[in-house]
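Just need the structure, nothing else, for what follows:
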Amino acid sequence: MEHPVFLALLATLGTWLLTALGAATVAFFRSPSEKWMDLSLGFAAGVMIAASFWSLLQPAIEQAEAMGRNAALMAAGGFLTGALFLWASDRAVNLARGTAGEKNRILLLVSAITLHNIPEGLAVGVAFGALAANPGREGLMGAVSLAVGIGLQNFPEGAAVSLPLRAAGCSRRRSFWIGQASGLVEPAAGVLGARLVVYARAVLPYALSFAAGAMILVAVHELIPECQKRQAQLPYFSTMGIILGFAMMMFLDVALG
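Take a look at the predicted model:
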């Protein structure tokens, strides 16, 4: 088996590529379909919620128990810290957006989206880094299923950045480059997460649950409210996207694991 850090790099390059492919849809459309965007955002939320448990929290609890640590305390502590970290970071970006001039708004938009991609790359990196302690097929398939799930939800995420920018008047080329740039942080975060758990295995349960807390906050605070804005006109439409995303991620993790 290749070194876990190298595998994490390959996996997160793949998730970035799907972000870029999603951003590339700006070459064919000027503005996004509201129904398609709602379904896609709901699907992404379902994927992230399922991945947070099956690919992050469950392995965190198992690793903590194997180390003879307090699994409940480590999982809960890491989860809460991850959510609080992302909340504080997001709040800082929102405060900056409120005082920025018009020229800085696109930069702040990219900063906000990039911030949300950090826990995704970190989650994939931590999952592959865990292979150093658990090199078996089950651990590998769990990491692969997490990368596949995050990659699939990155496709509509890339489109969610580039298409609104195009509708606002940006050129297709500029909209694409900004859209794909939002995913570039994932390989860096993935390598960082993998190196952290490879060379400091004692933090593995905490790192896994930290990533889960950050991902749940993104899904619940950002994706679900956004996809439910047209609930009165389309009852259960985006909700079915959440259900489908959760079911697909659950199936991948159980079937491949």
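
Sticking with the residue in the chain sticking out farthest from the centre, tell me its helix or strand.
When distances are taken from the C-alpha mean of the chain, Gly68 lies farthest, 29.7 Å away, according to Cα atoms, centre = their mean. Gly68 belongs to no helix or strand when assigned by DSSP states H and E.

Ala202 versus that one, what's the distance?
Gly68 sits at a distance of 11 Å from Ala202 (criterion: Cβ to Cβ, to the nearest Å). (C-beta placed from N, C-alpha, C; glycine too.)

circling back: quick check: phi and psi on the residue farthest from the centre of the chain?
phi 80, psi 20 (degrees, to the nearest 10).

start the count at 220, not 1, going forward
New numbering, starting at 220: the last item is Gly287.

can you give me the mean pLDDT across stretch 445-455?
Taken as a whole, stretch 445-455 has a mean pLDDT of 80.

okay, how far is it across it, tip to tip?
14 Å (Cα to Cα, to the nearest Å).

residues in contact with it?
Stretch 445-455 is contacted from outside by 253-254, 256-258, 260-261, 264, 456-458, 460-461, using Cβ atoms under 8 Å, 6 or more residues apart in numbering.

again, 10 Å this time
Contacts to stretch 445-455, defined as Cβ atoms under 10 Å, 6 or more residues apart in numbering, come from residues 253-254, 256-265, 379, 456-462.

List only buried entries from these.
256-265, 379, 456-458, 460-461 (16 or more other Cβ atoms under 10 Å).

Check these and tell me the two furthest apart.
The most widely separated members of the buried ones among the contacts of stretch 445-455, counting by Cβ to Cβ, are Ala379 and Thr458 (18.2 Å).
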